[in-house]
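Enquirer: Sharing a model prediction with you, sequence too.
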Amino acid sequence: MSSSAEPQRLHPVAMLLDLLRSIRGWFSVTSLPWLFVAFRDGIDLSSIGFLLVLIVVSVVASAVWGMLSWRATLYSIEGNSFRFRRGVLGRNERTIPLDHIQSVDIVQGVIQRIFNVVEVRIETAGGGGSGRGEADVSLPAVSRPVAAELQRSLAPRRGGTVAVAQPDAGVLTVEVPEAPQPVLIRRLSMGRLLLAGATSGQIGIVLPLIATFSQLFDDVLTPEFVMRFAQEQGWLPNSVAVAVLLAFGVLLLAWLIAIAGAVLAFAGFTLSREGDSLRIQRGLIERREVTIPINRIQAVQTVENIFRQPFGMVLVRMESAGYGANAGVSTTLFPLLARAEVESFLKAAAPEFAVSPPLQSLPRRALRRYVIRSALPALLLAALAVSLLVWRGLSELAIVPLSLVLLGGAYGWLRFKGVGWSVDRDHLVVRYRTLARTMAIAPRRRLQSRSFAQSPFQRRVGLATFSAQVGRGLNLEVVDMEATDAEDALYRLGPTSAPSQH
């Protein structure tokens, strides 16, 4: 596609995509009523014929609508604006100034891969989408060369020519420096991909889904039936062994599903740098290609969940300025890196964030506060459980809920040990722990606000809470640091908000 004002149509595959989308919409809404009408008097040739006629009419109507929609959809680059027109019954036209476009991303689904076309998604600073993760403008089917030309023409600081309208001189064509060639930074190997899936921690999400799905088979595969069948076959000697085997099988299935999910999402993960932008390509079935200007990155985080900590592996994530309703967008910058590789990786991808200063720890007197905060909810829960056990005459089991208090205290100690920070005039680095250990790096110029808070209990022991807002989507907080250190952080990081007392 040239940067002329001549309107362009989508690739004809767009008609097929629209047909499939329409059919899916029709059947998802009306399939049950159709089946009821067709078979309310039983299954016979007339009811089957009626159903087939309805299906044919729906397909034909969807095909006609798809063709009309394709003919009515046009796009063009006119002057310094992108114009998008669509609508069969009503006309909908949108004009987007080129300097408002934040990102031009590419997605390739299964049907698009078959026909070697892609979807181009255009996002703007104003966020004209619906707020449900939809793009401001979506071109569902264009050829790869056209998509590449759109990226060059629409994305910020790309090469080529731009036609600029002049009130007195007509149209002036301004030459823009050619876009640099993309430079590969890192590609995820198959071994790292499988390790990322095995240590993703998604098993906690998959298990409830398996439990929900298993409800469909409760009437057939009851626990009693499974145990009786296993014993009759002589596989296991008793029901306890069957229960253990079932539990192990469910965990193994959840783990394999988690690995498969990571493979689908991150297969072929490639990070490249093209001038002032990073390009991410990933996905096995649906290929995604996202371009993010480096100057939109607000912070970088490294996340070590409990499964990856023993291996010294981290997930690298970036927080970037969001589109419209999305205040901040968290994007995987790389799925799995060795902790020792992070700094060199960031030097190549986003040098502003490639820092690894020594981190200060919390004062020893803050440990008690962390332990109490974590153990107190467990203590209240244990008290209720012990009261119930005593009331039911099972006081000998009271040790079980009381052990939760010890676990809560141990969690508080882990959180205390996980906190660290570093402050200078250029960067704020904060490390904290929930179950995962996270370290966030934010340049000082990205901080929207800084605050100092001190409760009466903190004031008694000379502690305070320092927090900084990064963009609009990330809050970095250090709880129970030295009050003098919190005040010094406010001074060294620049403008401050008024100290608060609570």
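Expert: Right, received. Where do you want to start?
Enquirer: Name the residues of the helix or strand where residue 54 lies that are buried.
Expert: In this structure, residue 54 sits in helix 45-72 according to DSSP states H and E. Neighbour-count burial for helix 45-72 flags 47, 51, 58, 62-63, 66-67, 69-70, 72 (criterion: 16 or more other CB atoms under 10 Å). Quick note: C-beta positions are derived from backbone N, CA and C, even for glycine.
Enquirer: Okay, and residue 121 sits in which element?
Expert: Per DSSP H and E: strand 117-124 holds residue 121.
Enquirer: Give me the packing partners of the next helix or strand after that strand, helices and strands only.
Expert: Using DSSP H and E, the helix or strand that follows strand 117-124 in sequence is strand 137-143. Contact partners of strand 137-143 among helices and strands, from 3 or more CB pairs under 8 Å, 6 or more residues apart in numbering; DSSP states H and E: helix 13-39, strand 117-124.
Enquirer: just the angle between strand 137-143 and helix 45-72, please?
Expert: Comparing the axes of strand 137-143 and helix 45-72 via axes from the mean of the first three to the mean of the last three CA atoms, to 10 degrees yields an angle of 100 degrees.
Enquirer: OK, contacts around residue 185?
Expert: Counting by CB atoms under 8 Å, 6 or more residues apart in numbering, residue 185 touches 271-273, 278, 345, 348-349.
Enquirer: Could you look up the SS state of it?
Expert: At residue 185 the chain is in strand, as set by DSSP: H, G, I helix; E, B strand; the rest coil.
Enquirer: For the helices and strands packed on strand 137-143, which has the smallest mean pLDDT value?
Expert: Lowest mean pLDDT within these: helix 13-39, a mean of 69.
Enquirer: Any buried residues in the helix or strand containing residue 417, and which?
Expert: Residue 417 belongs to helix 399-418 when assigned by DSSP H and E. Residues 401, 404-405, 408-409, 411-412, 414-416, 418 are the ones in helix 399-418 that count as buried (16+ other CB under 10 Å).
Enquirer: Centre of the chain to stretch 461-473, how far?
Expert: Chain-centre distance of stretch 461-473: 25 Å, with CA atoms, centre = their mean, to the nearest Å.
Enquirer: What number of neighbouring residues does residue 269 come out with?
Expert: 22 (other CB atoms under 10 Å).
Enquirer: backbone phi and psi for it, please?
Expert: With angles defined as degrees, to the nearest 10, residue 269 sits at phi -60, psi 120.
Enquirer: ok, the nearest residue to it once chain neighbours are set aside - contacts?
Expert: Counting by CB to CB, 6 or more residues apart in numbering, residue 269 lies nearest to residue 188, which is 3.9 Å off, once chain neighbours are set aside. Counting by CB under 8 Å, 6+ apart, residue 188 makes contact with 196, 266, 268-270, 334-336.
Enquirer: the inter-axis angle of the strand holding residue 121 versus strand 137-143?
Expert: Here the directions of strand 117-124 and strand 137-143 differ by 150 degrees (the same axes, to 10 degrees).
Enquirer: picking up where we left off before, out of the contacts of residue 185, who's nearest residue 93?
Expert: Residue 93 lies nearest to residue 278 out of the contacts of residue 185, by CB to CB, at 32.5 Å.
Enquirer: which strand is the longest one in the protein?
Expert: For the chain, the strand reaching the highest residue count under DSSP state E is reported as strand 328-338.
Enquirer: helices or strands up against it?
Expert: With contacts taken as 3+ CB pairs under 8 Å, 6+ apart, strand 328-338 sits against helix 190-198, helix 239-266, strand 277-282, strand 297-304, strand 313-321, helix 342-349.
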